[in-house]
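Participant: Test case, fold it:
(one chain, ligands or ions: 3)
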Amino acid sequence: MHVAIIMDGNGRWAEALGHPRLAGHEQGARRIRAVVESAPALGFDVLTLYAFSADNWKRPASEVTSLMALFDRYLVVEGPHLRRAGVRLSVIGRRDRLSRRLAEQIEMTERMTACGRRLHLRLAIDYSARDALRRAAIAACSGTSWSPMEFERRLRSGRGVAADTPDVDLLVRTGGEQRLSDFLLWECAYAELWFTSTPWPAFTVTELGRAISDFRARERRFGGLKPTYVGPSFRPRSEASEDSP
Ligand code: IPE
Ligand code: IPE
Ligand code: MG
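Facilitator: Ligands and ions are numbered 1, 2, ... in the order given. You can find the predicted model right below:
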């Protein structure tokens, strides 16, 4: 199961308590550990967390600088912990606009945790789904003859290199907004969506458990009918003729 979370509401959580927005980001970063620790028991194979969108560069320089420093600190502190817990960490999104120090820290943490098999944790930093789609499409049109599968693998990494990850099964967004904000547009084609007004710094594993119970009670049809229907499925003419020589 692939669960993706848009960790939103950090700034409003802090402001409501009279703190600077950065305090919300710091508390938000602390929340990640409990969610990651609970993920294998909740049945997650892949967990993708939206940490910084390509559009977040529009924020004041002081907030952006603090966030970048926070990502660096997160990786330094959590890297060894993730390794011990059997978690493989990857970062999706562009790297060319990150500081060299952060890019190196990302590479080091990815290498350090590469053997993790209990969970694949993906952090989206400087990520834009539209940018990923655009890059993959441009590369595919420029003479590179990729198979549809290779095209898809590349766009799933968010930066043009191949990545194997399944579609998103459940997308959670905290903080009250009900939108995708350019996150995993391709991978969420059939994702179940779950929104909560709880801001990310106050989000608990108990609430995540509620999201999972709700998800398990839903009926996913992927365009077909209820799984109990056993008759033969209709095949459109074009699909049938594609198969015949
Ligand atoms: C999400 O929280 C974290 C990032 C986008 C980096 P916000 O910073 O968007 O918090 P709100 O939505 O302003 O409360
Ligand atoms: C999306 O949140 C990005 C992250 C949570 C990292 P935003 O707060 O940036 O999204 P909008 O601006 O409300 O759509
Ligand atoms: Mg926000």
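
Participant: center of this structure - which residue?
Facilitator: With distances taken as C-alpha atoms, centre = their mean, Thr48 lies nearest the centre of the chain, 2.8 Å away.

Participant: That residue in helix, strand or coil?
Facilitator: Here Thr48 is recorded as strand under DSSP: H, G, I helix; E, B strand; the rest coil.

Participant: How about residues contacting the lengthiest helix in the chain?
Facilitator: Taking DSSP state H as the criterion, the chain has its longest helix at helix 61-84. Residues outside helix 61-84 that contact it (C-beta atoms under 8 Å, 6 or more residues apart in numbering) are 21-22, 25-26, 29, 32-33, 36, 51-52, 56-57, 88-89, 98-99, 101-102, 105-106, 108-109, 112-113, 115-116, 121, 123, 125. Bear in mind the C-beta positions are built from the backbone N, C-alpha and C, glycine included.

Participant: Pretty sure the residue nearest to the centre of the chain sits against Tyr127.
Facilitator: No - Thr48 lies out of contact with Tyr127 (C-beta atoms under 8 Å); the separation is 9.4 Å.

Participant: residues shared between the contacts of the two?
Facilitator: Residues touching both Thr48 and Tyr127 (C-beta under 8 Å, 6+ apart): Ile92.

Participant: Cys115 and Val77: what is the separation?
Facilitator: Going from Cys115 to Val77 by C-beta to C-beta, to the nearest Å gives 20 Å.

Participant: If you count surrounding residues, which of the two has more?
Facilitator: Shown here are Cys115 and Val77; by other C-beta atoms under 10 Å, Val77 has more neighbours (12 against 9).

Participant: any idea whether Ala124 is helix, strand or coil?
Facilitator: Recorded secondary structure, Ala124: strand (three-state DSSP).

Participant: for Ala14, same thing?
Facilitator: Per three-state DSSP, Ala14 ends up helix.

Participant: Surely it and Gly28 touch.
Facilitator: No - using C-beta under 8 Å, Ala14 is not in contact with Gly28; the gap is 9.2 Å.

Participant: Quick check: neighbours shared by these two?
Facilitator: In contact with both Ala14 and Gly28: Pro201, using C-beta under 8 Å, 6+ apart.

Participant: Report the rounded mean pLDDT for stretch 170-184.
Facilitator: Stretch 170-184 carries an average pLDDT of 98.

Participant: for the helix or strand hosting Ala211, packing partners?
Facilitator: Using DSSP states H and E, Ala211 sits within helix 205-216. The contact analysis (3 or more C-beta pairs under 8 Å, 6 or more residues apart in numbering; DSSP states H and E) places helix 205-216 against helix 21-38, strand 170-173, strand 192-195.

Participant: how much space between Val36 and Ala217?
Facilitator: 24 Å.

Participant: Would you point out the helix or strand in the protein whose mean pLDDT is lowest?
Facilitator: The weakest-scoring helix or strand in the chain, judged by mean pLDDT, DSSP states H and E, is helix 237-243 (a mean of 55).

Participant: who in the chain is up against ligand 2?
Facilitator: Ile6, Met7, Asp8, Tyr50, Ala51, Phe52, Ser53, Asn56, Glu177, Arg179, Ser181 (C-beta under 6 Å from any ligand atom).

Participant: count of residues packed around the fourth one?
Facilitator: It refers to Tyr50. 26.

Participant: so who does it touch?
Facilitator: Contacts for Tyr50 (C-beta under 8 Å, 6+ apart) come out as Ala4, Ile5, Ile6, Met7, Asp8, Ala124, Tyr127, Ser181, Phe183.

Participant: Please report the distance of it from Met108.
Facilitator: Counting by C-beta to C-beta, the gap from Tyr50 to Met108 is 22 Å.

Participant: if we can go back for a sec, how distant is the longest helix of the chain from the center of its chain?
Facilitator: 17 Å (C-alpha atoms, centre = their mean, to the nearest Å).
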